[in-house]
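Everything below, folded, please.
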Amino acid sequence: MQQCVVVKVSGHEIDDPAFLHTFARVIATLETPVIVIHGGGREITELQQQMGIEPRYVSGLRITDAPSLAIVEMVLCGTVNTRLVRILVGAGVEALGMSGVDRGIVRATQMKHGNDDMQYTGSVGAVRGDVLRDLLADGITPVIAPVCLGEDTAYNVNADHVAGAVAAAVAAERVVFLTNVPGVMVNGEVIASLTAARTDELIAEGTIFGGMIPKVKTAISALSNGARSAVITDLEGLRMGRGTVFTR
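As a prediction, the model looks like this:
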(Lines give C-alpha, C1' and ligand atoms only; values in the text may rest on other atoms or scores of the structure.)
Protein backbone atom coordinates (compact mmCIF):
# COMPACT_ATOMS: atom_id res chain seq x y z
CA MET A 1 0.00 0.00 0.00
CA GLN A 2 1.29 3.45 -0.94
CA GLN A 3 2.66 5.47 1.97
CA CYS A 4 1.15 8.87 2.70
CA VAL A 5 1.22 11.56 5.35
CA VAL A 6 -1.65 13.52 6.90
CA VAL A 7 -0.72 17.11 7.79
CA LYS A 8 -2.91 19.17 10.13
CA VAL A 9 -2.56 22.95 9.78
CA SER A 10 -3.75 24.99 12.76
CA GLY A 11 -6.23 27.82 12.50
CA HIS A 12 -3.67 30.01 14.26
CA GLU A 13 -1.39 29.97 11.20
CA ILE A 14 -3.97 29.63 8.45
CA ASP A 15 -4.38 33.39 8.00
CA ASP A 16 -0.64 34.15 7.86
CA PRO A 17 0.40 34.61 4.20
CA ALA A 18 4.12 34.14 4.91
CA PHE A 19 3.46 30.87 6.74
CA LEU A 20 1.14 29.59 4.02
CA HIS A 21 3.53 30.32 1.18
CA THR A 22 6.35 28.56 3.03
CA PHE A 23 4.01 25.68 3.87
CA ALA A 24 3.03 25.32 0.21
CA ARG A 25 6.66 25.25 -0.91
CA VAL A 26 7.43 22.52 1.64
CA ILE A 27 4.44 20.42 0.56
CA ALA A 28 5.55 20.79 -3.08
CA THR A 29 8.97 19.29 -2.22
CA LEU A 30 7.72 16.24 -0.33
CA GLU A 31 8.04 12.92 -2.13
CA THR A 32 5.38 11.23 -0.02
CA PRO A 33 1.73 11.97 -0.98
CA VAL A 34 -0.01 14.29 1.46
CA ILE A 35 -3.53 14.87 2.75
CA VAL A 36 -4.01 18.29 4.35
CA ILE A 37 -6.56 18.92 7.12
CA HIS A 38 -7.02 22.50 8.24
CA GLY A 39 -8.66 24.40 11.04
CA GLY A 40 -9.84 28.00 11.13
CA GLY A 41 -11.09 28.57 14.65
CA ARG A 42 -9.74 32.09 15.05
CA GLU A 43 -11.49 33.35 11.93
CA ILE A 44 -14.72 31.59 12.95
CA THR A 45 -14.60 33.33 16.33
CA GLU A 46 -13.95 36.71 14.72
CA LEU A 47 -16.94 36.36 12.38
CA GLN A 48 -19.17 35.10 15.19
CA GLN A 49 -18.36 38.21 17.20
CA GLN A 50 -18.96 40.45 14.19
CA MET A 51 -22.39 38.83 13.83
CA GLY A 52 -23.18 39.35 17.51
CA ILE A 53 -22.80 35.68 18.46
CA GLU A 54 -20.84 34.96 21.62
CA PRO A 55 -18.60 31.89 21.10
CA ARG A 56 -19.27 29.12 23.61
CA TYR A 57 -16.94 26.29 24.55
CA VAL A 58 -16.94 23.23 26.76
CA SER A 59 -13.64 21.45 27.49
CA GLY A 60 -12.05 23.48 24.72
CA LEU A 61 -14.59 22.38 22.09
CA ARG A 62 -16.82 24.90 20.34
CA ILE A 63 -20.56 24.47 20.85
CA THR A 64 -21.97 25.02 17.37
CA ASP A 65 -25.55 26.30 17.22
CA ALA A 66 -27.42 26.72 13.92
CA PRO A 67 -26.28 30.33 13.18
CA SER A 68 -22.71 29.36 14.09
CA LEU A 69 -22.82 26.34 11.77
CA ALA A 70 -23.56 28.67 8.86
CA ILE A 71 -20.51 30.73 9.85
CA VAL A 72 -18.36 27.61 10.20
CA GLU A 73 -19.33 26.50 6.70
CA MET A 74 -18.60 29.95 5.23
CA VAL A 75 -15.21 30.27 6.91
CA LEU A 76 -13.89 26.70 6.66
CA CYS A 77 -15.35 25.54 3.34
CA GLY A 78 -15.17 28.97 1.72
CA THR A 79 -12.58 31.48 2.87
CA VAL A 80 -9.96 29.25 4.49
CA ASN A 81 -10.14 26.24 2.17
CA THR A 82 -10.05 28.39 -0.96
CA ARG A 83 -7.12 30.43 0.36
CA LEU A 84 -5.09 27.34 1.20
CA VAL A 85 -5.83 25.60 -2.10
CA ARG A 86 -5.00 28.76 -4.07
CA ILE A 87 -1.58 29.06 -2.46
CA LEU A 88 -0.81 25.34 -2.81
CA VAL A 89 -1.74 25.35 -6.50
CA GLY A 90 0.42 28.44 -6.96
CA ALA A 91 3.35 26.42 -5.60
CA GLY A 92 2.76 23.64 -8.10
CA VAL A 93 0.73 21.30 -5.87
CA GLU A 94 -2.28 19.55 -7.48
CA ALA A 95 -4.49 20.57 -4.55
CA LEU A 96 -8.20 19.82 -4.47
CA GLY A 97 -10.34 21.61 -1.89
CA MET A 98 -13.17 19.72 -0.25
CA SER A 99 -14.97 19.24 3.04
CA GLY A 100 -15.94 16.07 4.83
CA VAL A 101 -19.37 16.46 3.23
CA ASP A 102 -18.05 15.96 -0.33
CA ARG A 103 -18.75 12.39 -1.42
CA GLY A 104 -19.44 11.67 2.25
CA ILE A 105 -15.71 11.44 2.83
CA VAL A 106 -16.06 12.07 6.58
CA ARG A 107 -19.33 11.15 8.26
CA ALA A 108 -20.17 12.39 11.73
CA THR A 109 -22.72 12.12 14.49
CA GLN A 110 -23.66 14.66 17.14
CA MET A 111 -20.99 14.86 19.81
CA LYS A 112 -22.03 13.60 23.25
CA HIS A 113 -20.51 15.50 26.16
CA GLY A 114 -22.20 14.78 29.48
CA ASN A 115 -25.33 16.88 29.86
CA ASP A 116 -24.12 19.56 27.43
CA ASP A 117 -26.07 19.99 24.20
CA MET A 118 -23.33 20.21 21.58
CA GLN A 119 -25.94 20.89 18.86
CA TYR A 120 -24.06 20.91 15.53
CA THR A 121 -20.67 19.96 16.93
CA GLY A 122 -19.90 16.43 15.77
CA SER A 123 -17.73 13.39 16.35
CA VAL A 124 -16.16 11.44 13.50
CA GLY A 125 -18.14 8.35 12.59
CA ALA A 126 -16.51 6.96 9.44
CA VAL A 127 -13.97 8.00 6.80
CA ARG A 128 -13.95 6.87 3.16
CA GLY A 129 -10.28 6.10 3.01
CA ASP A 130 -10.66 4.45 -0.40
CA VAL A 131 -11.77 7.74 -1.98
CA LEU A 132 -8.82 9.62 -0.50
CA ARG A 133 -6.35 6.94 -1.58
CA ASP A 134 -7.72 7.06 -5.14
CA LEU A 135 -7.12 10.82 -5.19
CA LEU A 136 -3.56 10.35 -3.94
CA ALA A 137 -2.95 7.69 -6.60
CA ASP A 138 -3.99 10.26 -9.23
CA GLY A 139 -1.41 12.72 -7.90
CA ILE A 140 -4.00 14.91 -6.16
CA THR A 141 -3.47 16.47 -2.73
CA PRO A 142 -6.82 16.58 -0.89
CA VAL A 143 -7.27 19.68 1.28
CA ILE A 144 -10.09 18.94 3.71
CA ALA A 145 -12.18 21.34 5.78
CA PRO A 146 -13.55 19.56 8.90
CA VAL A 147 -17.23 20.16 8.11
CA CYS A 148 -18.61 16.64 8.00
CA LEU A 149 -21.71 14.82 6.79
CA GLY A 150 -24.43 13.92 9.30
CA GLU A 151 -27.70 12.04 8.90
CA ASP A 152 -29.66 15.13 7.85
CA THR A 153 -27.24 18.00 8.51
CA ALA A 154 -23.60 18.96 8.50
CA TYR A 155 -21.49 18.93 11.65
CA ASN A 156 -18.56 21.05 12.76
CA VAL A 157 -15.88 18.55 13.83
CA ASN A 158 -12.60 19.31 15.58
CA ALA A 159 -9.89 19.32 12.91
CA ASP A 160 -7.46 17.41 15.12
CA HIS A 161 -9.97 14.59 15.48
CA VAL A 162 -10.59 14.54 11.74
CA ALA A 163 -6.85 14.38 11.08
CA GLY A 164 -6.43 11.39 13.39
CA ALA A 165 -9.40 9.55 11.88
CA VAL A 166 -8.28 10.24 8.30
CA ALA A 167 -4.77 9.02 9.11
CA ALA A 168 -6.21 5.79 10.45
CA ALA A 169 -8.56 5.30 7.49
CA VAL A 170 -5.80 5.65 4.87
CA ALA A 171 -3.20 3.81 6.97
CA ALA A 172 -0.99 6.89 6.86
CA GLU A 173 2.65 6.62 7.80
CA ARG A 174 2.05 9.44 10.27
CA VAL A 175 -0.13 12.43 11.10
CA VAL A 176 1.82 15.66 11.52
CA PHE A 177 0.58 18.55 13.68
CA LEU A 178 2.33 21.71 12.58
CA THR A 179 3.29 24.22 15.23
CA ASN A 180 5.81 27.02 15.72
CA VAL A 181 8.41 24.90 17.54
CA PRO A 182 10.48 21.96 16.21
CA GLY A 183 8.99 19.52 18.72
CA VAL A 184 8.65 18.90 22.44
CA MET A 185 11.68 20.52 24.05
CA VAL A 186 13.49 19.38 27.21
CA ASN A 187 16.60 21.29 28.31
CA GLY A 188 16.74 22.97 24.93
CA GLU A 189 16.69 19.70 22.98
CA VAL A 190 13.86 18.10 20.99
CA ILE A 191 12.64 14.79 22.44
CA ALA A 192 12.73 12.37 19.51
CA SER A 193 9.91 10.10 20.70
CA LEU A 194 7.27 9.83 23.40
CA THR A 195 4.55 7.46 24.55
CA ALA A 196 1.30 8.53 26.16
CA ALA A 197 2.51 7.31 29.56
CA ARG A 198 5.81 9.18 29.35
CA THR A 199 3.99 12.30 28.17
CA ASP A 200 1.75 12.20 31.24
CA GLU A 201 4.84 11.89 33.45
CA LEU A 202 6.49 14.92 31.83
CA ILE A 203 3.32 16.98 32.28
CA ALA A 204 3.01 15.92 35.92
CA GLU A 205 6.61 16.90 36.72
CA GLY A 206 6.26 20.22 34.91
CA THR A 207 8.71 19.48 32.11
CA ILE A 208 5.93 19.87 29.56
CA PHE A 209 3.94 22.97 30.45
CA GLY A 210 1.98 25.92 29.13
CA GLY A 211 0.96 25.93 25.47
CA MET A 212 2.74 22.65 24.76
CA ILE A 213 0.26 20.68 26.90
CA PRO A 214 -2.69 20.97 24.48
CA LYS A 215 -0.33 20.18 21.59
CA VAL A 216 0.88 16.90 23.10
CA LYS A 217 -2.67 15.96 24.14
CA THR A 218 -3.74 16.50 20.54
CA ALA A 219 -1.03 14.11 19.35
CA ILE A 220 -2.02 11.47 21.91
CA SER A 221 -5.68 11.92 20.92
CA ALA A 222 -4.76 11.22 17.29
CA LEU A 223 -3.32 7.87 18.37
CA SER A 224 -6.53 7.02 20.22
CA ASN A 225 -8.45 7.92 17.03
CA GLY A 226 -6.49 5.26 15.17
CA ALA A 227 -3.37 6.98 13.80
CA ARG A 228 -0.25 4.80 13.82
CA SER A 229 2.03 7.65 14.87
CA ALA A 230 1.74 11.38 15.43
CA VAL A 231 4.38 14.08 15.10
CA ILE A 232 4.65 17.58 16.54
CA THR A 233 7.02 19.71 14.51
CA ASP A 234 7.45 22.95 12.57
CA LEU A 235 7.73 23.56 8.83
CA GLU A 236 11.45 22.78 8.74
CA GLY A 237 10.78 19.58 10.68
CA LEU A 238 8.08 18.63 8.17
CA ARG A 239 10.51 19.19 5.31
CA MET A 240 13.34 17.25 6.98
CA GLY A 241 11.22 14.52 8.60
CA ARG A 242 12.09 15.64 12.14
CA GLY A 243 10.12 16.41 15.30
CA THR A 244 8.72 14.59 18.31
CA VAL A 245 7.10 11.29 17.35
CA PHE A 246 4.29 9.90 19.52
CA THR A 247 3.64 6.17 19.35
CA ARG A 248 1.35 3.76 21.11
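
thinking D15 is in contact with E43, fair?
Yes. With contact defined as CB atoms under 8 Å, D15 counts as touching E43 (6.1 Å). C-beta: built from backbone N, CA, C; applies to glycine.

Excluding sequence neighbours, find me the nearest residue to F23.
Take F23 and drop its neighbours on the chain: the residue closest to it by CB to CB, 6 or more residues apart in numbering is L235, 6.1 Å away.

what sits against the one you found?
L235 is in contact with F19, T22, F23, V26, L178, counting by CB atoms under 8 Å, 6 or more residues apart in numbering.

Near the second one, how many other residues are there?
The burial metric for T22, expressed as a neighbour count using other CB atoms under 10 Å, is 17.

Spell out the secondary structure type for it.
Under DSSP: H, G, I helix; E, B strand; the rest coil, T22 falls in the helix class.

Without its sequence neighbours, what residue ends up closest to it?
That would be L235: by CB to CB, 6+ apart, it lies 5.6 Å from T22.

The first one now?
By the measure of CB to CB, 6+ apart, the closest residue to F19 outside its immediate chain neighbours is E13, 4.6 Å from it.

what does the average pLDDT come to for the strand ranked longest in the chain?
Longest strand in the chain by number of residues, with DSSP state E as the criterion: strand 116-127. Averaged over strand 116-127, pLDDT sits at 94.

which strands and helices sit next to that strand?
strand 61-62, helix 66-72, strand 106-113, strand 154-157, helix 159-169 (3 or more CB pairs under 8 Å, 6 or more residues apart in numbering; DSSP states H and E).

Save the ones you listed as CSV, and put in mean neighbour count, mean pLDDT and distance to S229 too.
Below are these laid out as CSV (neighbours: other CB atoms under 10 Å; pLDDT from 0 to 100; distance: least, CB to CB, whole Å):
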stretch, mean neighbour count, mean pLDDT, distance to S229
strand 61-62, 19, 89, 24
helix 66-72, 18, 97, 29
strand 106-113, 20, 95, 21
strand 154-157, 27, 98, 22
helix 159-169, 27, 92, 9
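
how about these in CSV, adding distance to V131?
Listed next are the helices and strands packed on strand 116-127 as CSV, based on distance: least, CB to CB, whole Å:
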stretch, distance to V131
strand 61-62, 27
helix 66-72, 23
strand 106-113, 10
strand 154-157, 17
helix 159-169, 10
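
With respect to P182, which of those lies nearest?
helix 159-169 (19.4 Å; CB to CB).

and E236, what pLDDT?
pLDDT, E236: 93.

Helix or strand for it, just tell me which one.
Element membership of E236, judged by DSSP states H and E, is helix 235-240.

And for C148?
C148 belongs to strand 147-149 when assigned by DSSP H and E.

Which residues does that strand contact?
By CB under 8 Å, 6+ apart, strand 147-149 touches 72-73, 76-77, 99-101, 104-108, 122, 124, 154-157, 162.

What separation do you get for the nearest residue to E54 once chain neighbours are set aside and S68?
For E54, ignoring the flanking residues on the chain, the nearest one in space by CB to CB, 6+ apart is Q48 at 7.4 Å. To S68, Q48 is 6 Å away according to CB to CB, to the nearest Å.

how close does the closest residue to T207 other than its chain neighbours get to V143?
Excluding the flanking residues, the one nearest T207 by CB to CB, 6+ apart is V186, at 5.7 Å. Using CB to CB, V186 is found at 34 Å from V143.

Common neighbours of Q48 and S68, please.
Shared contacts of Q48 and S68, counting by CB under 8 Å, 6+ apart, come down to P55.

domains of this protein?
Domain ranges of the chain: 5-172, 182-248, per automatic domain parsing.
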